[in-house]
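Student: From the sequence below, what's the structure:
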Amino acid sequence: MSDVSEPILYEHPLCEQVRTYLRLEQLFAIQLHLRDQDSKACHVAALRNLWEVLDCLDRGDIKGELIKELEAQRLYFSQLEESPYIDGLKLKRFLEQLNQLLSWLGTYQGKFGTKLRSDRFIDMLKNRIRMPGGTCSFDLPELYLFLNQPFEYRLESLRGWFSHLEGLAQCIKILLRLFRENGGFEAVTCQQGVFQSSLSDKSNPKLLRINLPNDSSYFPEVSGSKHYFSIRFIEKKEGELKPLSQDLSFELAIC
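Tutor: The predicted model follows:
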């Protein structure tokens, strides 16, 4: 049986909240990967990644937005409890999960990341770890000592720091999953490398998802809002980027 390559998936947010969620989702995935590597370089990168997360959390009222969105989802799924077409046990478990997350959000003190910022070691890294080459032993001797501890010690420390963000990561994971499941992929065709569409027939779209063949030499540039979007395909050929001028088919999901 031949091995079929996975398509390349591009995602584009249609509102600022989802833009932030996608960025945090990526940062969290990178954090979990880096911290599990028995490598000093990876653990420096994991600490730098934590500060990227904290910088991302400085933008807007993320906690308020999450509470509003999760409450809307809870209301929607609560209305499905009487439906004969729904798995009642799965729905009950999911609603319990939503309630737990809303309870966690409601009791979380202050802005996300406040507890992590108050950690003396993390705060000490704030300025130097962002400088090019700023993690040398003469710049951050305390970091150098940390990196020379056994792997198990460093891993446990990184897990402890990330524990302040685990509830947030779970909220974002669930919301993005729900958004993504709200739209299926359909085959569409663009004319001379450009695809445009109105979103007037969609109810509060959050996200565009674009599947391209794994061997594509082109990528999409997307501009849009909750009312309208445009996709322009750019081809990389002989080291140069040029707008694609041919018709092509691809898979699109509006979520």
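
Student: What residues of the top strand by length along the chain count as buried?
Tutor: Counting by DSSP state E, the longest strand found in the chain is strand 228-237. Residues of strand 228-237 classed as buried by neighbour count (16 or more other CB atoms under 10 Å): 229, 231, 232, 233, 235. All C-beta atoms are positioned from the backbone trio N, CA, C, and that covers glycine.

Student: so residue 74 is in which element?
Tutor: Residue 74 is part of helix 62-78, with elements assigned from DSSP states H and E.

Student: which other helices and strands contact that helix?
Tutor: Packing partners of helix 62-78 (3 or more CB pairs under 8 Å, 6 or more residues apart in numbering; DSSP states H and E): helix 16-35, helix 88-107, helix 166-181.

Student: about what we covered before: partner strands of the longest strand of the chain, with direction?
Tutor: Using DSSP bridges, strand 228-237 pairs in its sheet with strand 194-198 (antiparallel), strand 218-224 (antiparallel), strand 240-243 (antiparallel).

Student: ok, residues contacting the longest one?
Tutor: Here strand 218-224 makes contact (CB atoms under 8 Å, 6 or more residues apart in numbering) with 8, 10, 12, 14, 193, 199, 208, 210, 212, 229-236, 244, 248.

Student: Okay, now the unreliable bits of the stretch 151-255 of the chain?
Tutor: Within the stretch 151-255 of the chain, the ranges that satisfy pLDDT under 70 run 201-202.

Student: Go again with 80.
Tutor: Residue ranges of the stretch 151-255 of the chain with pLDDT under 80: 200-203, 225-226.

Student: per-residue confidence averaged over stretch 109-124?
Tutor: Averaged across stretch 109-124, pLDDT comes to 93.

Student: Tell me the buried residues in that stretch?
Tutor: Buried residues in stretch 109-124, counting neighbours by 16+ other CB under 10 Å, are found at 112, 113, 115, 116, 117, 122.

Student: possible to save those as JSON lines with distance to residue 45 and secondary structure?
Tutor: Output for these, formatted as JSON lines (distance: CB to CB, whole Å; DSSP: H, G, I helix; E, B strand; the rest coil):
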{"residue": "112", "distance to residue 45": "21", "secondary structure": "coil"}
{"residue": "113", "distance to residue 45": "19", "secondary structure": "coil"}
{"residue": "115", "distance to residue 45": "22", "secondary structure": "helix"}
{"residue": "116", "distance to residue 45": "17", "secondary structure": "helix"}
{"residue": "117", "distance to residue 45": "19", "secondary structure": "helix"}
{"residue": "122", "distance to residue 45": "15", "secondary structure": "helix"}
